[in-house]
Structures are given as structure tokens and as C-alpha cells.
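>>> Would you be able to build a 3D model of this:
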Amino acid sequence: LQLVESGGGLVQPGGSLRLSCAASGFTLDYYAIGWFRQAPGKEREGVSCISGSGVSTDYADSVKGRFTISRDNAKNTVYLQMDSLKPEDTANYYCAAQRGFVYTCPGYSKYAYDYWGQGTQVTVSS
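The predicted structure follows:
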């Protein structure tokens, strides 16, 4: 079971990136997906999550209105569209999966997710 993030990079403030979280070895249909980020010297924080069916989504206050989470279960992939990026969004972004949350999100505790990707770096700088 593997999650692989992609789409990170260097972007100027105000710019956009779309992160992808692709699953292999299992199908995502019954898994909620959370996006987390960790900046150097800071705790890992939850950014957004989406239920297995996609009917429920949630966002941290710091990204609400700027980030959009979505999923394409046919492609076994979850996306995080990040717009109006700020320097404080700079971090390593991780996706995580937890089975059994078809209609809700399990929240943002790192202990609520069984499977994690390796992360993709997002740097917002001019």
C-alpha cells in the first residue's frame, strides 16, 4: 500500500499549485484522505481532508477559501488545489489515508491515519 505525492515546487506569492496524492496497491474509494504540512521547526498540521465518497470536506482556517480538495476515485487520486499562495504556506506537504470514513473525515490527528506518503515540498517565495 503506497501513497505518492507530486506537484510541489517553487511558486511566487499569489501563485497556484495543484498537489496530487496517488494510491497504489489499494483503491481509495473507502478511504478518507487528509493533507498535512510541516515546515522546518514546526509541528505537522492538518490542512484539509475529504471523505471516501467525497461528500464531506474540511479545511484548516489558515487555508479556507484558498485551497480546494477533491478526489477522482476512478484515477485513485486526491488533489489539493492551492491558490493565492503565501510564504507561510511553505512546507513539506503529505497526504494520508484512513479506511472506513466514507461520509466523514477522521480529523487532523496524525494518529487517525494509517498510511502516509513521503511528502512533496512547496516553497512560496519571490
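>>> going forward, measure contacts between C-alpha atoms and count neighbours the same way
Will do.
>>> Nearest the geometric middle of this protein, what residue?
Closest residue to the average C-alpha location of the chain: residue 35 at 2.4 Å, with C-alpha atoms, centre = their mean.
>>> Test my guess that that residue contacts residue 93.
Yes - if you go by C-alpha atoms under 8 Å, residue 35 and residue 93 touch, sitting 6.9 Å apart.
>>> tally of neighbours for residue 97?
28 (other C-alpha atoms under 10 Å).
>>> May I have the beta-bridge partners of it?
residue 33, residue 115 (DSSP bridges).
>>> okay, how far is it across stretch 66-82, tip to tip?
6 Å (C-alpha to C-alpha, to the nearest Å).
>>> Oh, that last question was meant for stretch 55-71, not what I typed.
Note: stretch 55-71 ends 10 Å apart using C-alpha to C-alpha.
>>> Show me which positions of it end up buried.
Going by neighbour count (16 or more other C-alpha atoms under 10 Å), the buried part of stretch 55-71 is 57-59, 63, 67-71.
>>> of all these, which two lie farthest apart?
63 and 71 (17.9 Å; C-alpha to C-alpha).
>>> The residue nearest to the centre of the chain sits in which helix or strand?
strand 31-38 (DSSP states H and E).
>>> before we move on, what about residue 19?
Assigned by DSSP H and E, residue 19 falls in strand 17-24.
>>> May I have that strand exported as PDB, CA atoms only?
Output of strand 17-24 as PDB, limited to C-alpha atoms (Å, rounded to 0.1, in the frame of the first residue of the first chain):
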ATOM      1  CA  LEU A  17       0.000  24.800  -7.400                       C
ATOM      2  CA  ARG A  18      -2.000  21.500  -7.600                       C
ATOM      3  CA  LEU A  19      -0.800  18.700  -5.500                       C
ATOM      4  CA  SER A  20      -1.700  15.100  -6.300                       C
ATOM      5  CA  CYS A  21      -1.900  12.100  -4.000                       C
ATOM      6  CA  ALA A  22      -1.900   8.800  -5.900                       C
ATOM      7  CA  ALA A  23      -2.600   5.500  -4.300                       C
ATOM      8  CA  SER A  24      -1.200   2.200  -5.400                       C
END
